[in-house]
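Visitor: Please find the sequence and the predicted model below.
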Amino acid sequence: MEIDWPALRTAAREAMARAYAPYSGFPVGAAALADDGRIVAGCNVENASYGLTLCAECGLVSALHASGGGRLVAFACVDGAGAALMPCGRCRQLLFEFGGPGLLVDLGPDAEPTTMSDLLPRAFGPDNLS
Ligand SMILES: O=c1ccn([C@H]2C[C@H](O)[C@@H](CO)O2)c(=O)[nH]1
Ligand SMILES: [Zn+2]
């Protein structure tokens, strides 16, 4: 499948603009290409009880399912400056569930994408339960 990385980055930036991050002042947007061609996105949503913060990737995974499910093929995440941002540890696990080790991960316009297996080597995942 052809991957339009600029379109994914744009979708991530658009989601980032809708972030609710009054406590950290660190808005994040994430977008991914699903295996049926649609783009799903999410932004971080913080809470006065700081530890309840939802990362942008949480919203993305929820959006994937709320809009029909499927698998993730390619993923991009941006910070408030629009630069590529690496998902936190918890979000790597969330993304692995729906993209597996081959999920392509954006490293920005000046680098080749990497894969989830680079971000989360020797991952625990659904296959370990079968
Ligand atoms: O992968 C990440 C890392 C951080 N954040 C958010 C959580 C918090 O609102 C802010 C600062 O950590 O960035 C994300 O949304 N995704
Ligand atoms: Zn996270």
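Guide: Ah, there it is. Ligands and ions are numbered 1, 2, ... in the order given.
Visitor: So for the closest residue to Y20 other than its chain neighbours, what's the pLDDT?
Guide: The shortest distance from Y20 to any residue that is not its chain neighbour, by Cβ to Cβ, 6 or more residues apart in numbering, is 4.8 Å, and that residue is V45. To be clear about C-beta, it is placed using only N, CA and C from the backbone, and glycine gets the same treatment. If you check V45, the pLDDT there is 98.
Visitor: go on, F124?
Guide: Confidence at F124, expressed as pLDDT, is 98.
Visitor: can you check R38 too?
Guide: 98.
Visitor: does it really touch A66, like I thought?
Guide: No. Under the criterion of Cβ atoms under 8 Å, R38 makes no contact with A66, lying 11.8 Å away.
Visitor: who has more neighbours, the two?
Guide: Between R38 and A66, counted using other Cβ atoms under 10 Å, R38 has the larger neighbour count: 13 against 10.
Visitor: State the distance from the nearest residue to that one once chain neighbours are set aside to I39.
Guide: Closest residue to R38 apart from its sequence neighbours, by Cβ to Cβ, 6+ apart: S67 at 6.8 Å. Counting by Cβ to Cβ, to the nearest Å, the gap from S67 to I39 is 10 Å.
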